[in-house]
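Colleague: any chance you could fold what I've pasted below:
(one chain, ligands or ions: 2)
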Amino acid sequence: MSSSRASVGTGRPPRPASTGLRRSMATVCVSGTLDDKIAAAAGAGFDGIELFENDLVVTPWTPAEVRARCADVGLTIDLYQPFRDFEAVPPAALTANLARAEHKFDVMAELGVDTMLVCSSVAPTAIDDDELAAEQLALLADRAHARGIRIAYEALAWGRHVSTWDHSWRIVARADHPALGLCLDSFHVLSREVGPAGIAEITPGKIFFLQLADAPRLSMDVLQWSRHHRLFPGQGSFDLTDFVHRVLATGYTGPLSLEVFNDVFRQADPARAAVDAMRSLVTLEDSLRPSEVPATGVRRLPAAPPLSGHAFSEFAVDGESGPALRAALRGLGFAHTGQHRSKPVELWEQAACRVVLNSAVTRPQTPGTAAVSAFALTTADPHRSRVRAEALLAPVLPRVRGARESDLAAVAAPDGTSVFFSRDDDWRADFLPTGEEFSGAAGLTVTDHLGLAQPFDHFDEAGLFYRSVLGLARLTTEEYAAPFGLMRSRAFTTPDRTVRLALTAALLRRGEWAPAVVDPQHVAFATADIFGTASAVDRLGGTTLPVPDNYYADLVARFALPTDLVERLRRYGILYDRDQHGGELLHLYTPVYGGRVFFEIVQRIGGYDGCGEANAPVRMAAHRHLRLSTS
Ligand SMILES: O=C(O)c1ccc(O)c(O)c1
Ligand SMILES: [Mg+2]
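Modeller: Ligands and ions are numbered 1, 2, ... in the order given. I've put the predicted structure just below:
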């Protein structure tokens, strides 16, 4: 963190390249009053902030006090914003606008900030005249220059006459004033048809400020889209790596500054949201190719070591949920093969499918419930996996370790789930053999994926966390209507598909009527022969989820499957899906145990890559039906 301070008039001392690009965050990104926001930005390691005028207006501190408080925690104020509805007005309005600007310059001098953002006018009285806009912005820049201030002109995507970045650049170029440059905001650029290609033509040094925001692709009014749905880089659909490359290629050396208007983030714990923000920026910076941009001091993360599979999944259980899960595992052909040397922890195995039942998890849990408390992934380099996670602000978990027990590196995911990194199967030595062995009859081979429901407000945070910390790629994003509301799911995976995580969220979880399983979690195991597995489970006395006949009638209509196949699917409650490439998924579920968790068995055929999201509504309805009929 830098403690250097903006000095009006002389400009900010350039940071040495070795310390990297400066990282800033607009105060509008996070919740609270200015004290909360400053603490959050500093706590997450930002170098500076963009000070939103509204945040200043409501604070009891003088601008000089704000400056001092920021300096105390190592933050500079990199931008004062926004100054609105300035350019291309009739002469009388111009006088008033210049007077208004002088007041802001006074405030900026006290704040010690040298760049003011002027966004393109949305005023109905603005005149559609580039020459007039350029002339008036040059006048403003003259006044600013006299006070050591620069004006960064930003085209709002819904500006009255200037709504695209190339138009704002034509005006800035026409004004040709040293104290007038551009503010490029990735949202305004990438939400519009005018692509970012022309950024290369911008005169070096004329981009004064760079604001970064991602967003999902939505087909809606651009102002609403911008004010409610922006996301931190990597959480939406924009190609921010390409965008930042283009801007850096012009020689831009200012901060990478996040400016994210998001309804959820604005209500979230600011310290946590700022960490999410910083994680997005660190990840974005790591995605840049330094060789393709001028010497800007791009910082790299330790590369994510290759992952080669799910080592184990751990459930926190108690005296009530433990027996239920043991019976379920036995019914799926698992055996209790190991007992932990020092803790009330059991290892259950079937081939490379490993489940750990932990009766000693201290996380608060409602009696009788179970939860996925941890999962472990096999990595080529557990130490590097942990160092990368730390660089991405993941909390590293202390481990209490007995003699001869393996040292698994662990970090906490946003929802508190522990993520362990293990090099190989060493961790199994922590368990003393019970002498029990699984028979192999059920044919489960490996853990195929984990399904982890997230609270809606932390869905994007969790997705970014897993993707960046584990170095996963996004596989699918789906939305579907389910019995208890709309659901969103997003799956992540490794290039070789040995690790898959499927995150889901109920889009809005409001109201009192909540018969759905809250934040369900599941572990899916793979089989090469689901019919063989299903009949073995039958023989073992295992329980699978009954699926309604209507589902099979609909399957026949949707996929034109042979009747005998549908009959076999129906017999075992196996669900079916086919992707657009002809890949097929056959899968079945168990009931819900401990109020929250269940298992799935999957057979992938012909490269089916998803997680059977199409069948989630059937599964959810069947789970409810089962609860009603057994309660
Ligand atoms: O929504 C707005 O008004 C607004 C203000 C300032 C910005 O930099 C911006 O991108 C949007
Ligand atoms: Mg902006």
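Colleague: give me the secondary structure label for the spatially closest residue to Phe312 that is not a sequence neighbour.
Modeller: Leaving aside its sequence neighbours, Phe312 sits nearest to Arg354 (CB to CB, 6 or more residues apart in numbering; 3.8 Å). Glycine gets a C-beta too; all of them are placed from N, C-alpha and C. For Arg354, the assignment made with DSSP: H, G, I helix; E, B strand; the rest coil gives strand.
Colleague: Arg354: neighbour count?
Modeller: Residues lying near Arg354 (other CB atoms under 10 Å) number 25.
Colleague: what are the ranges of the helices in the stretch 351-500 of the chain?
Modeller: Counting by DSSP state H, counting those that start in this stretch, the segments of the stretch 351-500 of the chain that form helices are 382-391, 459-470.
Colleague: my guess is Gln603 contacts Ala526, does it?
Modeller: Yes: if you go by CB atoms under 8 Å, Gln603 and Ala526 touch, sitting 7.2 Å apart.
Colleague: about what we covered before: quick one: the helices of the stretch 351-500 of the chain as JSON lines, columns for distance to ligand 2 and mean neighbour count too.
Modeller: What follows is these, written out as JSON lines (distance: least, CB to the ion, whole Å; neighbours: other CB atoms under 10 Å):
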{"stretch": "helix 382-391", "distance to ligand 2": "28", "mean neighbour count": "20"}
{"stretch": "helix 459-470", "distance to ligand 2": "20", "mean neighbour count": "24"}
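Colleague: rewinding a little: mind listing what the residue nearest to Phe312 touches?
Modeller: Under the criterion of CB atoms under 8 Å, 6 or more residues apart in numbering, the neighbours of Arg354 are Ala311, Phe312, Ser313, Leu347, Trp348, Arg428, Thr447.
Colleague: point out where the stretch 101-250 of the chain drops to low pLDDT.
Modeller: For the stretch 101-250 of the chain, applying pLDDT under 70 flags no range at all.
Colleague: not counting its neighbours along the chain, what's nearest the residue in it positioned nearest to ligand 2?
Modeller: Residue of the stretch 101-250 of the chain nearest ligand 2, by CB to the ion: Asp185 (3.5 Å). In this structure, Asp185 finds its nearest non-sequential neighbour in Gln211, 4.0 Å apart by CB to CB, 6+ apart.
Colleague: can you check Gly594 too?
Modeller: Ala370 (2.7 Å).
Colleague: wait, that neighbour sits on Phe598?
Modeller: No: with contact defined as CB under 8 Å, Ala370 does not reach Phe598; the gap is 9.9 Å.
Colleague: what about these two, which has more around it?
Modeller: Comparing Ala370 with Phe598 by other CB under 10 Å, the one with more neighbours is Ala370, at 26 against 22.
Colleague: still on that earlier bit, the residue of the stretch 101-250 of the chain closest to ligand 2: what's it in contact with?
Modeller: Neighbour list for Asp185: Glu154, Gln211, Leu212, Ala213, Glu259 [criterion: CB under 8 Å, 6+ apart].
Colleague: go again with 7 Å.
Modeller: By CB atoms under 7 Å, 6 or more residues apart in numbering, the contact set of Asp185 is Glu154, Gln211, Ala213, Glu259.
Colleague: please, which helix or strand holds Arg160?
Modeller: Arg160 is located outside every helix and strand, with elements delineated by DSSP states H and E.
Colleague: hmm, I was thinking of Val244
Modeller: According to DSSP H and E, Val244 maps onto helix 240-249.
Colleague: show me what residue of the chain gets nearest to ligand 1.
Modeller: Pro82 (3.9 Å; CB to the nearest ligand atom).
Colleague: now Val66. Nearest residue, chain neighbours left out?
Modeller: Closest to Val66 by CB to CB, 6+ apart is Leu111, at 6.1 Å.
Colleague: for the one you found, the count of nearby residues, please.
Modeller: The burial count for Leu111: 22, using other CB under 10 Å.
Colleague: which residues does it contact?
Modeller: Counted by CB under 7 Å, 6+ apart, Leu111 has contacts Leu51, Pro63, Val66, Arg67, Ile77, Tyr80.
Colleague: over to Pro617?
Modeller: By CB under 7 Å, 6+ apart, the residues touching Pro617 are Tyr480, Ala481, Ala482, Pro483.
Colleague: so what's the second one up against?
Modeller: Residues touching Ala481, when contacts are defined by CB under 7 Å, 6+ apart, comprise Pro617.
Colleague: distance of it relative to Val222?
Modeller: Computed as CB to CB, to the nearest Å, the Ala481 to Val222 distance reads 27 Å.
Colleague: likewise the last one?
Modeller: When CB to CB is applied, the distance between Pro483 and Val222 equals 34 Å.
Colleague: one more: the first one?
Modeller: Using CB to CB, one obtains 27 Å as the distance from Tyr480 to Val222.
Colleague: and Val518, by the same measure?
Modeller: Applying CB to CB to Val518 and Val222 gives a distance of 35 Å.
Colleague: ok, those two, which is more surrounded?
Modeller: A direct count of neighbours by other CB under 10 Å for Val518 and Val222 places Val222 higher, at 16 against 13.
Colleague: check contacts around the spatially closest residue to that one that is not a sequence neighbour.
Modeller: In space, Val222 comes closest to Ala157 once its chain neighbours are excluded; the distance is 4.5 Å by CB to CB, 6+ apart. By CB under 7 Å, 6+ apart, Ala157 lies in contact with Ser163, His188, Ser191, Arg192, Val222, Ser226.
Colleague: what's next to stretch 167-175, contact-wise?
Modeller: By CB under 7 Å, 6+ apart, the residues outside stretch 167-175 that reach it are 120, 130, 133-134, 137-138, 141, 153-155, 162, 180-182, 202, 206.
Colleague: can you show me the CA trace of stretch 161-175 as CSV?
Modeller: What follows is stretch 161-175, C-alpha atoms only, in CSV (Å, rounded to 0.1, in the frame of the first residue of the first chain):
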residue,chain,number,x,y,z
HIS,A,161,-25.9,14.0,-27.2
VAL,A,162,-22.6,12.3,-26.3
SER,A,163,-23.1,8.6,-25.4
THR,A,164,-20.2,6.8,-26.9
TRP,A,165,-16.5,6.9,-26.1
ASP,A,166,-15.5,7.7,-29.6
HIS,A,167,-17.7,10.8,-29.6
SER,A,168,-16.3,12.0,-26.3
TRP,A,169,-12.8,11.5,-27.8
ARG,A,170,-13.7,13.6,-30.9
ILE,A,171,-14.7,16.4,-28.6
VAL,A,172,-11.6,16.1,-26.4
ALA,A,173,-9.4,16.0,-29.5
ARG,A,174,-11.1,19.1,-30.9
ALA,A,175,-10.7,21.0,-27.7
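Colleague: how far away from the center of its chain is it?
Modeller: 33 Å (CA atoms, centre = their mean, to the nearest Å).
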